[in-house]
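Engineer: got a sequence here, can you model it:
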Amino acid sequence: MSQEAIITRVFDAPRETVWRYFTEPELFAAWFGTPPFTTPPDRVEMDVRPGGRWSATMVSEEDGSELPFRGEFLEIVEGERIVQTFEDVQDETNKLVETLTTTLEDAGEGKTRVTYHQTGHMRAEEYRAVEDGVAGFYDQLAEHLARG
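Structural biologist: Next up, the predicted model:
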């Protein structure tokens with residue numbers, strides 16, 4: 001049985017703006033992390049094209065510990081869809097990867113519906129933790145979008 005994490009959220013911003021927050025390193029860094037973790041802009045790299053690589057490292061403001069993430073973009077549909085892999089950077093012996101699909105849709109009145117779907121090889125409780133984590137990231141994104 002396949003396990004998965006799914007989060008759907010409506011943001012009060014046009015799709016083009018939300019897309020930029022997912023594909024431009026400086027904007028991505030602004031929301032990727034929850035306290036005490038933040039992602040310095042210089043710790044994000046994105047080559048947003050099929051076959052392009054991405055990486056982001058969250059840094060704890062409390063003790064300086066780091067949480068690195070990386071993967072490959074598999075599919076890019078400008079303004080609509082991002083399919084990418086997520087690799088376990090902290091365990092180089094783990095060759096299993098997760099697949100993340102982010103879909104952006106117009107939700108009317110200048111709003112955007114974002115659906116995050118992650119599948120792969122984790123246990124059900126790990127996917128529940130992923131959903132909680134992504135919800136926290138999306139709270140940060142909503143705050144940044146509200147500031148304009």
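Engineer: C-alpha only now, for contacts and for neighbours.
Structural biologist: Fine.
Engineer: what's the first helix or strand after the strand ranked longest in the chain?
Structural biologist: Identified as the longest strand of the chain according to DSSP state E is strand 66-77. Next helix or strand after strand 66-77 toward the C-terminus (DSSP states H and E): strand 81-87.
Engineer: what's the angle from that next one to strand 66-77?
Structural biologist: Here strand 81-87 runs at an angle of 150 degrees relative to strand 66-77 (axes from the mean of the first three to the mean of the last three CA atoms, to 10 degrees).
Engineer: tell me the strands beside strand 81-87, with direction?
Structural biologist: strand 66-77 (antiparallel), strand 97-106 (antiparallel) (DSSP bridges).
Engineer: export the longest strand of the chain to CSV, keeping only CA atoms.
Structural biologist: Output in CSV follows, covering the C-alpha atoms of strand 66-77 (Å, rounded to 0.1, in the frame of the first residue of the first chain):
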residue,chain,number,x,y,z
GLU,A,66,21.6,22.4,9.7
LEU,A,67,19.0,20.5,7.9
PRO,A,68,20.0,20.1,4.2
PHE,A,69,17.6,19.1,1.5
ARG,A,70,18.2,18.4,-2.2
GLY,A,71,16.7,16.8,-5.3
GLU,A,72,16.1,17.0,-9.0
PHE,A,73,13.3,18.7,-11.0
LEU,A,74,11.5,16.1,-13.0
GLU,A,75,8.7,18.2,-14.6
ILE,A,76,8.0,21.9,-14.8
VAL,A,77,4.8,23.4,-16.2
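Engineer: distance to Gln118, mean pLDDT and mean neighbour count added to the strands paired with strand 81-87, as JSON lines?
Structural biologist: Formatted as JSON lines, the strands paired with strand 81-87 follow (distance: least, CA to CA, whole Å; pLDDT from 0 to 100; neighbours: other CA atoms under 10 Å):
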{"stretch": "strand 66-77", "distance to Gln118": "13", "mean pLDDT": "96", "mean neighbour count": "17"}
{"stretch": "strand 97-106", "distance to Gln118": "4", "mean pLDDT": "96", "mean neighbour count": "19"}
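Engineer: all set, thanks.
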